[in-house]
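In: For reference, the sequence and a predicted model appear below.
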Amino acid sequence: MSASNAIAGRSPALAWAVHLSVVLLVVLWTIPTAGLLISSFRDRDQISTSGWWTALAPAERNLVARSKAPDAARQEGGEWIIEGNVFDEEEGAGTVTAFGVSSRSPTAFAPGDVAERGDARITVQADGQYRIASEQQPEGRRGTRLFVTSKEPPRWTVENYRTVLFSEGIGRSFLNTMTVTIPATVIPILIAAFAAYALAWMEFPGRALLLAVVVGLLVVPLQMTLIPLLRLHNSIGIGKAYLGIWMAHTAFGLPLAIYLLRNYIAGLPREIIESARVDGATDFQIFLRIVLPLSYPALASFAIFQFLWVWNDLLVATVFLGNNEDQLVMTGRLRELLGSKGGEWEILAASAFVSIAVPIAVFFAMQKYLVRGLLAGSVKGG
Amino acid sequence: MNRLFWTAAAVAALGTGMGAQAALAEQHLPFAPGEGAFNWDSFEGLKDLGVEGEEIRIFGPWMGPDKDLFDSVVSYFNAATGAKATYSGSDSFEQQIVIDTGAGSPPNVAIFPQPGLASDLAAKGHLTPLAEGTEDWVRENYAAGQSWVDLGTFAGPDGNEDLYGFFYKSDVKSLVWYVPENFEDAGYEVPETMEDLKALSDQIVADGGTPWCIGLGSGGATGWPATDWVEDLMLRTQSPDVYDKWVNHEIPFDDPAVVAAIEEFGAFARNEKYVDGGSGAVASTDFRDSPKGLFSSPPKCYMHRQASFIPAFFPEGTLVGEDADFFYFPAYAGKDLGKPVLGGGTVFGITEDSKGAQAFIKFLQSPIAHEVWMAQKGFLTPHKGVNTEVFGDPTLKKMNQILLEADTFRFDGSDLMPGAIGAGAFWTGMVDYAGGADAKAVATQIEETWKSVE
Amino acid sequence: MEQIMWALFTMTAGVFGCVAYFFVANRVLDAALPARGENAGRNINRANAIRPWLFLFPALAVLGIYLVYPVLNSIWLSFTDASGTRFVGGDNWRWLAGDEKFRESLGNNALWLIVVPAASTFFGLIAAALTDRIRWGSFAKALIFMPMAISFVGASVIWKFVYDYRGEGSDQIGLLNAVVVALGGSPEAWITTPFWNNFFLMVILIWIQTGFAMVILSAALRGIPEETIEAAVLDGASPLQIFWRIKVPQIWGTIAVVWTTITILVLKVFDIVLAMTNGQWGSQVLANLMFDWMFRGGDFGRASTIALVIMLLVTPIMVWNIRNVRKEERR
């Protein structure tokens, strides 16, 4: 670290280049997500009609408003008048720049002009106030359509988050997910660490072949395994239960865990382990006292990935766990919020950010352990 | 001894009475039994099914609002019989039912969005044939009953044909959606024949507008809306007989009749002036976003052909029947093919036989099972015994009328073809066609894939 | 509350059970073959032969049941018909050889295998090297890492807002097209343009996997001994020289691991393709083709055959790994 700082400190131009490149990388990598974050505060109609970046600036909007129904008309000096405002009270007001009374020419009139439609004289003011005057009493159940072009300040809503966070049973699902995730992260690490040590530092016949097989298993497509495994669970009586999903996640995570950890552990300095052996330490002691503490960075990085994978998993959970209240996980619950025909981008967006919170927190917590790699480095040098 | 017995009986009676009441209060029954125009007799009739306390697991593709609606139907079953039926839904239903039946932990009753999948499972022996007499019941009580029987009849593992599927909840696909006030503003009339529809499309172009919004996008299922178009046009250019042969692969997919129907679709979708965004936008526009063009200002298009479920994707606050309405996708006046209707429906099958599962299928035959959903929203049924007065909104009633009055009713063909075609090659082929490929070449490629799976 | 207690209990029981197994198994072995007494030498040899298997046993048991058994099952299924019951010999393999979609998938997979691991590792290495040098590095890391934490469903929505296409003249809601239009170009349907759409799909996976590469490589970079770097600094090497000539060669092993892992992941990639195109417009890949035949085609035989092809493709990587291990052992 000190050396790196020294380099950066020596050349301010280089330091600037580093800062700028990182800024560029970060911007490139976050812009797509930023789009989703902003979209999660918009409503569905807006999401599919205008780009998320337009949500930040005042926008010109063409809207079709409907006047109050004819029975709201009151008589005034021999005319029937309907008055109101084209803007919704909740959504806040904009400024009308043009209006029309027919879908054929929605911008025919400037605010304050009088448009004629049938025997009605219609006018819309810049502030959205409209007035429809006619000599005959208006009939029908529905009001007149008013086509309005307006400049509007950005509109935001927290409704999507409310839908997700206060949906029924979300708390229970959070617990269920935790129940699945924590053991499904810890158990494979433990099992893999022992196996990785054996593959890295213990002599036995067939070691290379075994390692190759483990790496080969990395590529087994998950979908192939689902039916035989569920059949197995049913026949030995596990059925759809937490035990089954822990085992499944453990197995699916193991090849990567063994592979990553073995490579890290094999890279530990030979002298340390040899000298411990010479001192009479058993393999078990070497593993616990030397290898495990030195492997923190690798353990932490794998833990992060396994945690994320299990946390975001939907397929394995729906297959190995039931759909009932006791077992439905977060991803399944969020899925339920979407309609059966999909298309609820706004709910998807909000739920993506609700479910990302925990993994990011885990990443920050684990980063401390990643930094412990420094220790490993100093030991290695000495 | 005697006293003890009576006390015990009284306690038991009190217990069940209170239990039943508590259960009733707990379950949400949107319509109080005995009130309104419902067939409450059929509800009372269910009480003799004798499945009290039976647990019935039902699994299907309905989620969100649809799940709530079906839950309300299920709660009437539970209230009447005292059974404990529960429904759960998944958006990956198709995969999961394959896994669950294959692994030996299926639900009691499964709800299939497409008969094709149910037929696959029946062939593998994962479905139980429905009770004796169900076939006759469907034939007598459903409009176009025989066709529903045929659609639910599959070959079992031994090759023998049996009725495995019971249809409940159907969709009408031959609908064109429009905004009546836009038609009024422009002075357009609802067309009664295909010739008029094409003339109207040309008229709209001449007036500087765009007649159609077509979107085939649907993520991994991109292309399916086009298959509906082709099927609808097939029914309007060929006799139902030819349609059936096409669906059953008795004529090849690249038969001139099919190619002609694909080209009919091209006359709409590949006409630059007919579609919003030009023909290039057809394949990439999401089908859920596509109807929104009807409602923009100025309108991006005037018409949208889509099934009865599409109002769910109209902008918020749209009143169907007022702000938007539909008309029947008309047939050619010049061809004597009557008024064909393309539709779809969901099939119930028994994946794990039990007394409760049988009782649930019985329940689906009672009018009340249909009326409860009808009275809410988004439900059509061919059941002739229901009281159509209970429909929650007039447009549903109008749609159901189309269904009940069809001269020819045909099921969505792609749902009946093998999965690799109807949910694969047909979709991709249509996407290629919309993108500019030759109709004949596309059809030939689909035909080759079909041959390879037989 | 009850569930929390129960969950905590089962969690600790599960974890404790694992620890207890290793501890007890070692004790038992030490007691059975003590490294003392008359047979000490023989005992030590025997214990050394057995101990690796004690360490390996849980992993091998789980892998055997949950992965090897399904693989063997697939091998059998690849010789059966659609329902997985009737033996059909090499029919599935013959069909595969003549299938156009399969050839398309192979070609696309080859593209993916070249581009994605290379790009992800490269960007990951750059990100790791740069962020380690600055004070707000861990914050930058978290942001670059974030895509990894987003579920595939979320990711597909995110990229819908990037690649979305609307006809010329209407408002673009996709970022990429909006930029193109703003620069005076005409909008493109990125996802539906054959061949090039592969690259737009790859960008998504690179976007996700760079975080993975960065975290692992950053841990490796930090593990490099200070002395070697300080020596180079004293020799007057430029920072770029230090990075490429001294740091990178030292973490070469880790780079290979990252590369291999991403390569294998690419062979399995199907979520992205399924969600964005489902293999249409010439973007099919093997894993999605398999998924298609399994769940849409309902043909376990063909699906298993494709799965085996994916596994066969990894053989070169396995061979390469065995060689590496051998080399290390000779060292």
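Out: That came in fine, so what should we check first?

In: Does anything pack onto the strand or helix carrying residue A:133? Which helices or strands?
Out: Applying DSSP states H and E as the criterion places residue A:133 in strand A:129-134. In terms of contacts (3 or more CB pairs under 8 Å, 6 or more residues apart in numbering or on different chains; DSSP states H and E), strand A:129-134 is packed against strand A:79-85, strand A:120-124. Quick note: C-beta positions are derived from backbone N, CA and C, even for glycine.

In: Show me which parts of the last one are buried, residue by residue.
Out: When you say that, I think you mean strand A:120-124. Going by neighbour count (16 or more other CB atoms under 10 Å in any protein chain shown), the buried part of strand A:120-124 is A:120, A:122-124.

In: Which one of those residues is nearest to chain C?
Out: residue A:124 (23.6 Å; CB to the nearest CB).

In: doesn't residue A:85 make contact with the closest one?
Out: No: in this structure, residue A:124 is not within contact of residue A:85 by CB atoms under 8 Å, at 9.4 Å.

In: okay, and the common contacts of those two?
Out: residue A:130 (CB atoms under 8 Å, 6 or more residues apart in numbering or on different chains).

In: What are the structural domain limits within chain B?
Out: Domain segmentation of chain B under automatic domain parsing yields B:31-171+B:347-398, B:175-342+B:412-453.

In: Any residue of the shortest one touching chain C?
Out: Yes: remark: domain B:31-171+B:347-398 sits within contact range of chain C at B:94-95, B:98, B:117, B:120, B:123-124, by CB under 8 Å from any CB of the partner chain.

In: average pLDDT for that domain?
Out: For domain B:31-171+B:347-398, the mean per-residue pLDDT is 88.

In: ditto for the last one
Out: The average pLDDT for domain B:175-342+B:412-453 rounds to 90.

In: how long is that domain from one end to the other?
Out: 33 Å (CA to CA, to the nearest Å).

In: circling back to that earlier point, from the buried residues of strand A:120-124, which single one is nearest residue B:190?
Out: residue A:120 (25.2 Å; CB to CB).

In: need the contact list for the closest one.
Out: A:132-134, A:138, A:144.

In: Let me know the closest of the residues you listed to chain C.
Out: Of these, the one sitting nearest to chain C (CB to the nearest CB) turns out to be residue A:144, at 27.0 Å.

In: Out of the helices and strands packed on strand A:129-134, which gets nearest to residue C:301?
Out: Nearest to residue C:301, of those and by CB to CB, is strand A:79-85 at 66.2 Å.

In: Can you give me the buried ones in that closest one?
Out: For strand A:79-85, burial by neighbour count (16+ other CB under 10 Å) applies to A:79-80, A:82, A:84-85.

In: do the same with stretch A:208-217
Out: So stretch A:208-217, judged by 16+ other CB under 10 Å, has buried residues A:208, A:210-217.

In: Please apply the same query to stretch B:331-351.
Out: Of the residues in stretch B:331-351, those buried by neighbour count under the rule 16+ other CB under 10 Å are B:331, B:337, B:339-351.

In: how's the chain carved up into domains?
Out: All of this refers to chain A. If you go by automatic domain parsing, chain A breaks into A:2-39, A:58-153, A:162-381.

In: think we crossed wires, I meant chain C
Out: Using automatic domain parsing, chain C is parsed into the domains C:2-77, C:99-330.

In: Could you list the buried residues of the strand holding residue A:133?
Out: For strand A:129-134, burial by neighbour count (16+ other CB under 10 Å) applies to A:130, A:132-134.

In: so how far is it from its chain's centroid?
Out: Strand A:129-134 sits 47 Å away from the centroid of its parent chain (CA atoms, centre = their mean, to the nearest Å).

In: I'd like the next helix or strand past it.
Out: Downstream of strand A:129-134 (by DSSP H and E), the next one is strand A:145-152.

In: what about that following strand, distance to the chain center?
Out: 35 Å.

In: List, one by one, the residues from the stretch 1-150 of chain A near chain B.
Out: Going by CB under 8 Å from any CB, the residues of the stretch 1-150 of chain A near chain B are A:43-45, A:48-49, A:62-64, A:102-106, A:141-142, A:145, A:147.
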